[in-house]
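1. Structure, please.
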Amino acid sequence: MTDHQADLLVLATLCGIDTEYVDGLGRAKSAQPDVIIKVLQALGIEIQCAAEARAILDDRTHAPQRILAPCIVGSPENSIARLCGIAGQRFEALLRVEDGITRNYEGALDEEGGYAISLGELPPGYHDLDVHIADSTLHARVLVAPARAYGAPDGSRAWGFFCPTYALRHDRDWGIGDLAALGRMMDWARQQGASFLGTVPLLAANYREDFQTSPYSPMSRLFWNEIYLDIDSLQTQYDCPALRTLLKSAEHKAEGLRLRELQLVDYAAASAHKRAALWCIAEEAWQKRGESLTAILEENSSLRRYAEFRAAMEASGRTWHSWQKEQRAGTLSPADYDLQCFRYHAFVQIALEEEFVKLADKDCTLYLDLSVGAAGSSYDVWNYSESFTQGVDVGAPPDGLFEGGQNWALPPLHPQASRERGHDYFIECVRTHMRHAGMLRIDHVMGLHRLYWIPSGVSAAEGVYVRYPADELYAILRIESHRNSCALVGEDLGTVPGEVRPMMAEFGMHRLYVGQFSVDESDSTGMRLSEPPVNSIASLGTHDTATVAGWFDESKIRDVNVETLMRGWTEQLAASSVAGLLINLEDLWLEREPQNRPGTGPEMPNWRHKMVRDESAIHRDVELREWLATINRLRAAKN
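-> Got it, this is the predicted structure:
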């Protein structure tokens, strides 16, 4: 290793880059210098070659230390704000508590140039600290978090079902499931004794300018997908004459029947079909309740801006990367979009929020999933551009399933830029989901600690890990968890650093257990699973694995049939002390087709597979209900 390369590694480490790591195949990997340089550039470091690292390090050595960190994690009992500067410097500090109370502090830095301001007892939440020192005013966000998340594992032995909302079928569906169908499935689940129902992300999508079928590559993590609106309930609410005419047309009826009979969701066609109806309803809604809708927009600037963005994208017919410089930089005017289209996007988001409120009234908890990020063409990356990096994507290193690694095509948040803004965007993402979820799964929970960055032009096998302020992100999750009475679940599958699971346990976040990965190898029949951790949410598979029947077909198990295996596994987990049991609805009738095949593209029908059984068939199955009663008894029994 040359001196220049050694300097580059030191600089990379100082900037939060892991220059060495172990991939999912257990191989020690060293980051390549050219990859490190590209990641440093994405982090805002002006460097072109390893020879420039020494000068940058020297500049950092001589630069004054940062007086106050942008974020401070504290506890309700006490929070400490640490200052670092020149010995003897005097300071004045003002703390604005979230409830409006202010507190003042003053003093002088000690002989070593440090000082620890004891902020005292504070309520959980977000508080603002301003420190005036040496003719400068510095700001920090104080994150005061409860010790553990709401609903931390407590022996309640809950259980529930999983189903993708898009896959739900009923006799009046529009070629795709909807929130009303999800609500009825929640009612059915509760009738069986289950207490929660999980689904894949329901986030905003774009089926026009930048087509994405994956619910994990959304147009925003702050807004919802109108394709899941229930047309029948909206028509009952607004009684729209234009929609009545549309529903009577032969062409509309024929398209609806075609979409309903398809075995796979056709997102583009279903979206266009529903949009025609939603457009009619939106126009009617603006006529009948225009004042109230306008008032909502006046109070919600984020919704207004999102509607402007979506309308501008439709007006241009292109993603925002192709817009003019001023629009790319975030400035839009009424001339950039059609007013009706703006009103459409505003209305459907308001209608979605109203439908989610209905789901909240169910006696069954909604279990939502917070995706790792948003698509590069998304509203989020455009609106919060200063918090995201350019020229890199998030992914995963090689592992047993993907020897070439994975590129998820999601721009990562800039760790320091997010801190400087008090993690505003992350807080809003969490709040958006917890407004409606009683349980929230954090996809790829390892991303709270580090994310695998893949620069443009680099293979997914050659990326590097960049570290994130995990203590701050966990604090935000705990604050919002209690504010919204929402339990936390971390998806801890794949390459998991050693510090992740202990921190999850410390802060009361459930982990995952997957039966397919936990077969007791000492049992030749394959019927016995290893004991799941008590603090986990256990399932037989995930949306990214084979179904139980699909797994069985590829296994060497022949001593039992697949139904015996599925029921035996489920009963073992139901009888265990595991905190939560999640049953995939499709496993109940031995579905073989998975919802997703990770690592494949449009050549496979990922995220499009409809359930073989429709709503009425599920409800009519007496034998299934009787077996689920057994599961409910096992879960209710005390170990």
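2. so where's this protein uncertain?
-> For the chain, applying pLDDT under 70 flags the ranges 152-155, 639.
3. Let's check: the centremost residue of it is which one?
-> Leu370 (1.9 Å; CA atoms, centre = their mean).
4. hang on, Thr545 packs against Gln516?
-> Yes - at 5.8 Å, Thr545 and Gln516 qualify as touching, with contact defined as CB atoms under 8 Å. C-beta: built from backbone N, CA, C; applies to glycine.
5. Identify the contacts common to the two.
-> Common neighbours of Thr545 and Gln516 (criterion: CB atoms under 8 Å, 6 or more residues apart in numbering): Trp551.
6. Those two: which has the busier surroundings?
-> More neighbours surround Thr545 than the other of Thr545 and Gln516, with 23 against 19 (other CB atoms under 10 Å).
7. A strand includes the more buried one, no?
-> No - if the criterion is DSSP: H, G, I helix; E, B strand; the rest coil, then Thr545 is coil and not within a strand.
8. how far away is it from Arg103?
-> 51 Å (CB to CB, to the nearest Å).
9. What number of residues are in the vicinity of Thr547?
-> Thr547: 23 neighbours (other CB under 10 Å).
10. Identify the residues contacting it.
-> Applying CB under 8 Å, 6+ apart, the residues near Thr547 are Gly541, Asn584, Glu586, Asp587, Leu590, Glu591, Arg592, Glu593, Pro594.
11. Name the nearest residue to it, ignoring sequence neighbours.
-> Glu591 (5.2 Å; CB to CB, 6 or more residues apart in numbering).
12. Equivalent analysis for Gly541, please.
-> Spatial nearest neighbour of Gly541, chain neighbours left out: Gln516 (5.2 Å); criterion: CB to CB, 6+ apart.
13. quick one, what contacts the one you found?
-> Leu540, Gly541, Thr545, Ala546, Val548, Trp551.
14. and which of the residues you listed is nearest Arg328?
-> Thr545 (39.5 Å; CB to CB).
15. Buried residues, the biggest helix by length in the chain. List them.
-> Using DSSP state H to define each element, the chain has its longest helix at helix 267-299. Within helix 267-299, the residues scored as buried using 16 or more other CB atoms under 10 Å are 267, 269-271, 273-275, 277-286, 289, 293, 296-297.
16. What of stretch 359-378?
-> Those buried within stretch 359-378 under the rule 16+ other CB under 10 Å are 359, 362, 364-378.
17. what's the spacing between it and its chain's center?
-> Distance of stretch 359-378 from the chain centroid (CA atoms, centre = their mean, to the nearest Å) equals 7 Å.
18. Number the chain from 149, please
-> OK, 149 is where the count begins now, so the last one is stretch 507-526.
19. rewinding a little: of the contacts of Thr695, just say which sits nearest to Asp707.
-> For those, the nearest to Asp707 is Leu738 (17.5 Å; CB to CB).
20. Does Cys489 lie in a helix or a strand, and which?
-> Element membership for Cys489, per DSSP states H and E: helix 487-508.
21. and that helix with helix 415-447, angle?
-> Per axes from the mean of the first three to the mean of the last three CA atoms, to 10 degrees, the angle that helix 487-508 makes with helix 415-447 is 90 degrees.
22. relative to helix 487-508, how tilted is whichever helix or strand comes after helix 487-508?
-> Note on helix 487-508: by DSSP H and E, the next helix or strand toward the C-terminus is strand 513-518. Relative orientation of strand 513-518 versus helix 487-508 (the same axes, to 10 degrees): 130 degrees.
23. Give me the contacts around strand 513-518.
-> Here strand 513-518 has contacts from 308, 310, 334, 343-350, 369, 507-508, 577-578, 581, 584-591, 637, 730, using CB under 8 Å, 6+ apart.
24. Sort out for me which of the residues you listed are in helices.
-> Per DSSP H, the contacts of strand 513-518 map to helices at Met334, Leu507, Ala508, Cys577, Val578, His581.
25. and of those, the nearest to Gln475?
-> Nearest to Gln475 among the ones in helices among the contacts of strand 513-518: Cys577, at 23.9 Å, using CB to CB.
26. Just give the nearest non-adjacent residue to that closest one, would you?
-> Nearest one to Cys577, counting by CB to CB, 6+ apart, is Arg369 at 4.5 Å.
27. For the one you found, the count of nearby residues, please.
-> 23.
28. ditto for Phe344
-> 23.
29. ok, now how distant is it from Ala154?
-> From Phe344 to Ala154 the distance is 52 Å (CB to CB).
30. Kindly report the same for Arg238.
-> In terms of CB to CB, Arg238 sits 41 Å off from Ala154.
31. Check Ala199 too.
-> 12 Å.
32. Equivalent analysis for Ala176, please.
-> For Ala176, the distance to Ala154 - CB to CB - is 18 Å.
33. more neighbours, those two?
-> The neighbour comparison of Ala176 against Ala154 (other CB under 10 Å) goes to Ala154, with 13 against 8.
34. Just the closest of the contacts of Gln664 to Ile215, please.
-> The closest of these to Ile215 turns out to be Thr693 (CB to CB; 49.2 Å).
35. Contacts only, for the closest one.
-> Per CB under 8 Å, 6+ apart, neighbours of Thr693: Val662, Gln664, Trp699, Pro742.
36. Tell me the one among the ones in helices among the contacts of strand 513-518 nearest to His400.
-> Distances from His400 to those, taken by CB to CB, are shortest for Leu507, at 27.8 Å.
37. quick one: the closest one and Ala329 touch, right?
-> No - the pair Leu507 / Ala329 is not scored as a contact, 11.2 Å apart, by CB under 8 Å.
38. Understood, closing this out.
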